[in-house]
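**Student:** Here is the input, now give the coordinates:
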Amino acid sequence: AKASMEVVAEKSRQRVQGIRGRLVEGSTLEAESSSELPPGQFEWRRFQRKKAQANVRTVEDKLADKGVVVGRESKLLLTLKETGYHIQLVWTPVRAGGELGDREVITSDAAVVVAAPQGISLQIPEKVYEGELLRPQSSYFGGTEGGSTYYWYAMPQPYDPSHSAKVSSWPLDPGRLILAA
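**Tutor:** Predicted coordinates for the structure are as follows:
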């Protein structure tokens, strides 16, 4: 009976092998395992890794490893707040009766980086009056926006919303440039 108990215990011991996903703002990370993980507690942390010699752990490194908890779900969506930080996953298996198993800790080798800058949407108010300051409403992704340039054109005809909003769908001569700001 003892031999069969050891086999059952060995089979029930799941291992988190790594963190799956790109360490880029906007990406989703998840625990990587050779099989489906049993129920457990997930805790995602971000922390600033102190520069130290390879494989040398200092007191500061151990304190930094605690980091800031940024999620408790099985997956983590990386935001701008995580850029520049390393990510750590702490997974603790939980038995049906509530007994906690040994926690496993996986830490990223690299820090999260900012995504490439992207203009997500750009809208101009529907009603525009002469002499009024025109302010577009825009959505931006990829770090903190700074120094984006808007080109304002006087169009020979109204824009047709049935076309794609991409500039490449506009006529070859988009109109007379009236302002670049």
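
**Student:** Spit out the contact partners of residue 74.
**Tutor:** Applying CB atoms under 8 Å, 6 or more residues apart in numbering to residue 74 gives the contacts 30, 31, 42. To be clear about C-beta, it is placed using only N, CA and C from the backbone, and glycine gets the same treatment.

**Student:** mind listing which of these are in helices?
**Tutor:** Taking DSSP state H as the definition of helices, those contribute nothing to them.

**Student:** Let's see if you can find the most crowded of those.
**Tutor:** Counting neighbours by other CB atoms under 10 Å, residue 31 comes out on top of the contacts of residue 74 with 23 neighbours.

**Student:** Look up which residues are beta-bridged to it.
**Tutor:** Counting by DSSP bridges, residue 31 is bridged to residue 19.

**Student:** Need the pLDDT of it.
**Tutor:** Looking at residue 31, its pLDDT reads 88.

**Student:** Residue 41 too?
**Tutor:** Taking residue 41 on its own, its pLDDT is 90.

**Student:** any idea how far residue 126 is from residue 66?
**Tutor:** 51 Å (CB to CB, to the nearest Å).

**Student:** That'll do, ta.
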